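Chemist: Show me how the following folds:
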Amino acid sequence: MRREDTGGVAGRPERGRAADDPALAGVAEPYGGTAVDEHPGSATAAGARDPDPAAGADVRDPGAAAGGERVFGGAGADGERPALHRGALTSGTADQLAALTARAAHVPSACLQLVEGDRLRLYGSWGVAVDWTSIADTPLDGSLGGLVVRGGGAVIVDDAEADPRVPPGLIKAHGGSYLGYPIHDRNGSVLGVCCAYGHRPRDWAPEQISAVAEAAEVATLLVGEQLARFDLEQEHRFLDAVLESLHDGVTACDAAGRVVFANDRMRRLWGDEAAQGELGGLTNGAGQPLTRDDLGLFRALRGERVRDEPLALHGGTRRTHHYLMDAQPIFGPDGRVAGAVQAVQDVTRQRRAERFRACELAVTTALNGAPSIEAAGPRVLESVVGTLDWVHAELWLADPAVGRIRSAAWWSAPEWPTGIPVPEHLAPGQGLAGRAWQVDRPFWIRDVARSPGTIDAIDGLHAALAVPVHGGTGAIGVLTVFADSVEDPEDELVALMSGIAAHLGQFVERSRVEDLQRQLDRSKNEYLALIGHELRTPLTSISAYTELLREADEESLVRDGPRLIKVVERNAHQLREIINELLELSALDAGHADVRCVPMDLAAVVREVVERTRAAIEGAPVVIDTDLPGELILPGDRDRLRHIVENLLGSAVRYSPDGGHVTVTLRSEGRAAELAVSDAAGDVSRDEREQIFTGHYRTARGHDRMVPGSGLGLTLSRAVVEKHHGSVELTGGADGATVLVRLPLEAR
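Modeler: Take a look at the predicted model:
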């Protein structure tokens, strides 16, 4: 048998050195090995042979010198070889291990191949004298390395020419030698091959076999360590992905309290500095600077476990954010605290939703027992301000007659300084409420101080929101709220305000319906009283005086007849006046009476009525003063408006005491004309001011003076004015009462 001389092992710089055999020094066929440069004088020793050559692999144990044999396992319990990641063993480490293998086995060349799918990939080599690319990628089938992988044990070839297992190639042609051991993973699966080469036949000595086997074991450890690192890195990446995808903010610290991890959600919740444990910009729910003792992370570092503990924080704005906090210590292998982890869940929206529901309940409760929107307004606005944690709110209601909105209620937080100006009226487009009413949609201003022209800036007020209040005919008011901090728009908050505005609109409409129902009931009762009293009174007088005329003799008729007939005539005229007003009022209420609005000069109508009234009361101790423009054109029914002026002026003259003054003024105010008729009589009480328009109601001062009249003048006036889309109201003071009529200057 041919032997190999023992010689020095070729160093790494000799990887490309020519071989002694020119044939083997050339490009090798990719059959599981490389042509190598052997050195002569290698010592040999006969090794034990596989008793069954047909088994296809010569498997020997490193302890074969002692006469023992051991059969290695196959590819693994499941028979599968996982595809190895190329980063499992770096080429530098593999080259060093190949060099150590060659030196330990006293061979000129060695290499490490790792399985990737159905191929062997060269990861490291020593003393290779062939083209690198020809052995870098070798199929498992038809290669010596494939025999090692398939069999799962050592493959020992003393003479490639004589061994039938060796596939065709350079080693087969020139009689080289081969010794390969499998590289396993921790589960026993074959991951690759550690092999030594000779380009001449040799008997592999037990020491050489042991050296290659031990090198394979080292490779197994190295690959296992690399794979463990790879798996650990994979686990870290998965864990990082999970932590970054959480809706909870997660923070971890080491044993010294240094924050070593904070996920993206945590940084977005508290900011980068706070997430890293720098708490200077945060305050707790009581407004005190936040300390580490407030956080579960550092309490857990002392061994405490925190579960679902509430935490309220103030950030850069005044708004409070609410969290639920969990924390627990992290124990090391020695049982000591190695760090701590904390998770916080932002429950601000849930808390706000609960407060929103409470606010809606408070608004509903405030509206249920209120007699009017003016009475309920402050309580409603207080609930809104408290829920939003804002500082000021206002409620505005539309006055269609003048085309403006009026202030119905307002509320400021107790800690907020007083002095926020609230005007009585706003024109369309004026201020935030006027703009929301004009365009009929919500308005959010992030900072009123930086929105010149939208609203007058007030020191301390920043964010503002206005939401229209809708009724059956469109926008009937506006609800506005103000904050003392800059706030970005929030759909949830706008939805809440819109819901509250809807409650207010329903309350106003319901109040109007109930008021109309009460007025209808009152009118029916008053009409019955009118028929039973006012109509009966002139009829009784007419009947009585007619009886006197019938029973009078000729002398009495001549003497008293004209006086009696005059009384009958006066009562008949009063009766006709009452009937006409009743018919007119009924026709207006039913919509049968035509109100033809055409451009007319209201100033001329008022001036005409004043002149006729002055002529009628000439010599009476009452003076009529006027303040009228030269012309005031508006759309209206001339005859009906003249009748209104006659009613109002006649009533004022009747109520004014001797020597009193009746004042008639007419002017344009905004988009409305205002007609005011004032008398010098005593004030009308607030309880009577509304009832006086409901039909056949005489004030106490009217009963005291026994002023004649049907009591329907103001009722009829209101009906006509409302048909003109206007309004009428009664105001007064110690000097007298004023009836104020507002009529739009533009057709509607």
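Chemist: and Leu634, what are its bridge partners?
Modeler: Met600 (DSSP bridges).
Chemist: Wait, it touches Met600, no?
Modeler: Yes: judged on C-beta atoms under 8 Å, Leu634 makes contact with Met600 at a distance of 6.8 Å. Bear in mind the C-beta positions are built from the backbone N, C-alpha and C, glycine included.
Chemist: Looking at those two, which one has more neighbours?
Modeler: Leu634 (21 against 17; other C-beta atoms under 10 Å).
Chemist: could you dump stretch 111-118 to PDB, C-alpha only?
Modeler: Taking Å, rounded to 0.1, in the frame of the first residue of the first chain, the C-alpha atoms of stretch 111-118 are listed here in PDB:
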ATOM      1  CA  CYS A 111     -11.900  22.800   4.200                       C
ATOM      2  CA  LEU A 112     -15.300  23.300   5.700                       C
ATOM      3  CA  GLN A 113     -18.500  23.000   3.700                       C
ATOM      4  CA  LEU A 114     -22.000  23.900   5.000                       C
ATOM      5  CA  VAL A 115     -25.300  22.700   3.600                       C
ATOM      6  CA  GLU A 116     -27.500  25.200   1.800                       C
ATOM      7  CA  GLY A 117     -30.500  23.500   0.400                       C
ATOM      8  CA  ASP A 118     -29.400  20.700  -2.000                       C
END
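Chemist: so how far is that stretch off the chain centroid?
Modeler: Remark: stretch 111-118 is offset 55 Å from the chain centroid, using C-alpha atoms, centre = their mean, to the nearest Å.
Chemist: For that stretch, buried residues please.
Modeler: Neighbour counts using 16 or more other C-beta atoms under 10 Å place Cys111, Leu112, Gln113, Leu114, Val115, Glu116 of stretch 111-118 among the buried residues.
Chemist: How about stretch 652-667?
Modeler: Neighbour-count burial for stretch 652-667 [16+ other C-beta under 10 Å]: Ala652, Val653, Arg654, Tyr655, Ser656, Gly660, Val662, Thr663, Val664, Thr665, Leu666.
Chemist: For the stretch 101-250 of the chain, which segments count as helices?
Modeler: 132-135, 144-151, 170-174, 206-245 (DSSP state H, counting those that start in this stretch).
Chemist: which one of the ones you listed lies closest to Ala262?
Modeler: For these, the distance to Ala262 is smallest for helix 206-245, at 9.5 Å, taking C-beta to C-beta.
Chemist: could you give the angle of the closest one to helix 144-151?
Modeler: 70 degrees (axes from the mean of the first three to the mean of the last three C-alpha atoms, to 10 degrees).
Chemist: Span of stretch 239-257 from start to end?
Modeler: Start-to-end span of stretch 239-257 (C-alpha to C-alpha, to the nearest Å) is 22 Å.
Chemist: List of residues touching that stretch?
Modeler: Contact with stretch 239-257 is made by 259-270, 275, 277, 292, 297-298, 301, 330, 336-346, as judged by C-beta atoms under 8 Å, 6 or more residues apart in numbering.
Chemist: List only buried entries from the residues you listed.
Modeler: 259, 261-263, 265-267, 269-270, 275, 277, 297-298, 301, 339-346.
Chemist: what are the ranges of the strands in the stretch 351-500 of the chain?
Modeler: Taking DSSP state E, counting those that start in this stretch, the strands of the stretch 351-500 of the chain run over residues 392-399, 404-412, 425-426, 443-445, 464-471, 474-482.
Chemist: for the stretch 201-350 of the chain, which spans come out with low pLDDT?
Modeler: Applying pLDDT under 70 to the stretch 201-350 of the chain flags residues 273-287, 315-319.
Chemist: Do a quick rundown of the strands in it.
Modeler: Under DSSP E, counting those that start in this stretch, the stretch 201-350 of the chain gives strands at 249-254, 259-262, 283-284, 306-314, 320-331, 337-346.
Chemist: Tabulate those strands (CSV), appending distance to Ala366.
Modeler: Listed next are the strands of the stretch 201-350 of the chain as CSV, based on distance: least, C-beta to C-beta, whole Å:
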stretch, distance to Ala366
strand 249-254, 38
strand 259-262, 45
strand 283-284, 32
strand 306-314, 27
strand 320-331, 24
strand 337-346, 31
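Chemist: which stretch among the ones you listed comes nearest Gly619?
Modeler: Per C-beta to C-beta, nearest to Gly619 of the strands of the stretch 201-350 of the chain: strand 320-331, 76.5 Å.
Chemist: Any buried residues in the closest one, and which?
Modeler: Thr320, His321, His322, Tyr323, Leu324, Met325, Asp326, Ala327, Gln328, Pro329.
Chemist: chain center to it: distance?
Modeler: 23 Å.
Chemist: and it, which strands flank it?
Modeler: Counting by DSSP bridges, strand 320-331 is paired with strand 306-314 (antiparallel), strand 337-346 (antiparallel).
Chemist: what's the closest of these to Asp491?
Modeler: strand 337-346 (17.1 Å).
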